[in-house]
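[1] Everything below, folded, please.
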Amino acid sequence: MTELTEFQRKIAEMLPEATLRFEEPLAKHTSFRIGGNAEVMAFPRNREELAKILKASVILDCKCAILGAGTNVLAPDEGVRGLVVCLKDCLEGMEQLDDTHIRVMAGVTMARAAVYAANLGLTGMEFAHGIPGTVGGGVYMNAGAYGGEIRQICQSVEVMDFDGTLYRLSNPEMRFSYRHSVLEDRPGIVVSADFALEPGDSQTIWAKMKELIGKRTASQPLDLPSAGSAFKRPAGGYAAALIQEAGLKGFRCGGAAISDKHAGFAVNLGGATAADVKNLLNQVSDRVYAQTGIRLEPEVRIW
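    The predicted structure is shown next:
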């Protein structure tokens, strides 16, 4: 057995009941299937355990990164020293608060939350059925698809500071904007979110979700590892159209490429590294800028 690092030993002593994995491959937890090892990865089962883990990270003065489903993350090839807290399938639970409101924990996938709402006959969350990430990640970056965004339905967000303190932010306090929320500018981890929906016809809701999934399957390269849209939508245009017009569909750097199916996606053709993806994104951004004067910015979160 490999000898534990000092940090691994200390955090294991501080959190004897927590689920911890040492030198856990980040590639197993990101949709790109890219990334070296996390020195320590923690999987909290509830708010109380999350608070203990965060307090331990503060006491040990270690780097702490939060991971949901890893569907919008490019993890580094060299891995991450310190702590990665994984919420997907850990911070679980959904409940109906009243006739039109539901509360969903951060580790629940957006797709599951949309199905839960549909089963209750509540409309407004159909767009989220095709978003592969978690509610925590979706709220953090104001995820959206097919004309819908989290900010349109999110009433409030339960947040935890790194000292374990819980508080709630209203929709205005979240300062949602395109692929952004206030939590990107200040410390805080999404624990749960309350969504305000509307009564609807279940058959109509399911038909809409089926239609959107059909569009996604037909247009996106779901057969290859990726992190969804590679670039943010620029003002006055669409990244995919600009990339295609620049003749970059299929453009490749090492094992990473712009999808032949959808120019807005960077995909892992097999064996791609984070360096390959970053090189690809940089070159595509430079070439589009040289041709159009528009600078594309990555939507993928580069750790």
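
[2] Look at F22 and tell me its secondary structure.
    The local conformation at F22, judged by DSSP: H, G, I helix; E, B strand; the rest coil, is strand.

[3] got a list of what the closest residue to it other than its chain neighbours touches?
    Among residues not flanking F22 along the chain, Q8 sits closest, at 5.1 Å (C-beta to C-beta, 6 or more residues apart in numbering). Using the backbone N, CA and C atoms, a C-beta is placed for each residue, glycine as well. Applying C-beta atoms under 8 Å, 6 or more residues apart in numbering, we find Q8 in contact with F22, E39, V40.

[4] where's Q8, which helix or strand?
    Using DSSP states H and E, Q8 sits in helix 6-14.

[5] what's the pLDDT at L222?
    For L222, the pLDDT comes out at 87.

[6] From one end of stretch 64-82 to the other, what's the distance?
    6 Å (C-alpha to C-alpha, to the nearest Å).

[7] Quick one: mean pLDDT for it?
    Confidence for stretch 64-82, expressed as mean pLDDT, is 94.

[8] And for stretch 238-254?
    95.

[9] so how far is that stretch from its chain's centroid?
    23 Å (C-alpha atoms, centre = their mean, to the nearest Å).

[10] Next, the buried residues of that stretch.
    By 16 or more other C-beta atoms under 10 Å, the buried positions in stretch 238-254 come out as A239, A240, L242, I243, A246, L248, K249, F251, C253.

[11] ditto for stretch 41-55
    Buried positions in stretch 41-55, judged by neighbour count with 16+ other C-beta under 10 Å: M41, A42, F43, P44, R47, E49, L50, A51, K52, I53, L54.

[12] same question, stretch 201-217
    Buried, per 16+ other C-beta under 10 Å, within stretch 201-217: I205, K208, M209, L212, R216.

[13] Check the spacing between the first one and A118 real quick.
    What it means is I205. Distance of I205 to A118, computed by C-beta to C-beta, to the nearest Å: 5 Å.

[14] between those two, what contacts are shared?
    Residues touching both I205 and A118 by C-beta under 8 Å, 6+ apart: E126.

[15] As a check, name the ranges of all helices in the stretch 51-200 of the chain.
    According to DSSP state H, counting those that start in this stretch, the stretch 51-200 of the chain carries its helices in the segments 110-119, 135-140, 171-174.

[16] no, scratch that, I was asking about the stretch 201-303 of the chain
    202-219, 239-245, 274-292.

[17] which stretch in those has the least confidence?
    Mean pLDDT is lowest for helix 202-219 among the helices of the stretch 201-303 of the chain, at a mean of 91.

[18] Run the angle between it and helix 110-119 for me.
    Counting by axes from the mean of the first three to the mean of the last three C-alpha atoms, to 10 degrees, helix 202-219 lies at 150 degrees to helix 110-119.

[19] CA-only coordinates of helix 202-219, as CSV, when you get a sec.
    Written as CSV, here are the backbone C-alpha positions of helix 202-219 (Å, rounded to 0.1, in the frame of the first residue of the first chain):
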residue,chain,number,x,y,z
SER,A,202,-48.4,15.8,-17.1
GLN,A,203,-48.8,14.5,-20.6
THR,A,204,-47.9,17.9,-22.1
ILE,A,205,-44.9,18.2,-19.8
TRP,A,206,-43.6,14.7,-20.7
ALA,A,207,-44.1,15.4,-24.4
LYS,A,208,-42.0,18.6,-24.1
MET,A,209,-39.2,16.8,-22.3
LYS,A,210,-39.3,14.0,-24.9
GLU,A,211,-39.1,16.6,-27.7
LEU,A,212,-36.1,18.3,-26.1
ILE,A,213,-34.2,15.1,-25.5
GLY,A,214,-34.9,14.2,-29.1
LYS,A,215,-33.3,17.5,-30.3
ARG,A,216,-30.3,17.0,-28.0
THR,A,217,-29.7,13.4,-29.2
ALA,A,218,-30.0,14.4,-32.8
SER,A,219,-27.7,17.4,-32.6
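
[20] Return the list of helices and strands in contact with that helix.
    Secondary-structure packing of helix 202-219 (3 or more C-beta pairs under 8 Å, 6 or more residues apart in numbering; DSSP states H and E): helix 110-119, strand 122-123.

[21] right, so of the ones you listed, which gets closest to R151?
    Comparing those against R151 with C-beta to C-beta, the closest turns out to be helix 110-119 (14.0 Å).

[22] related to what we said a few turns ago, most neighbours per residue, which of the helices of the stretch 51-200 of the chain?
    Counting by mean count of other C-beta atoms under 10 Å, helix 135-140 has the highest mean neighbour count of the helices of the stretch 51-200 of the chain, with a mean of 29.
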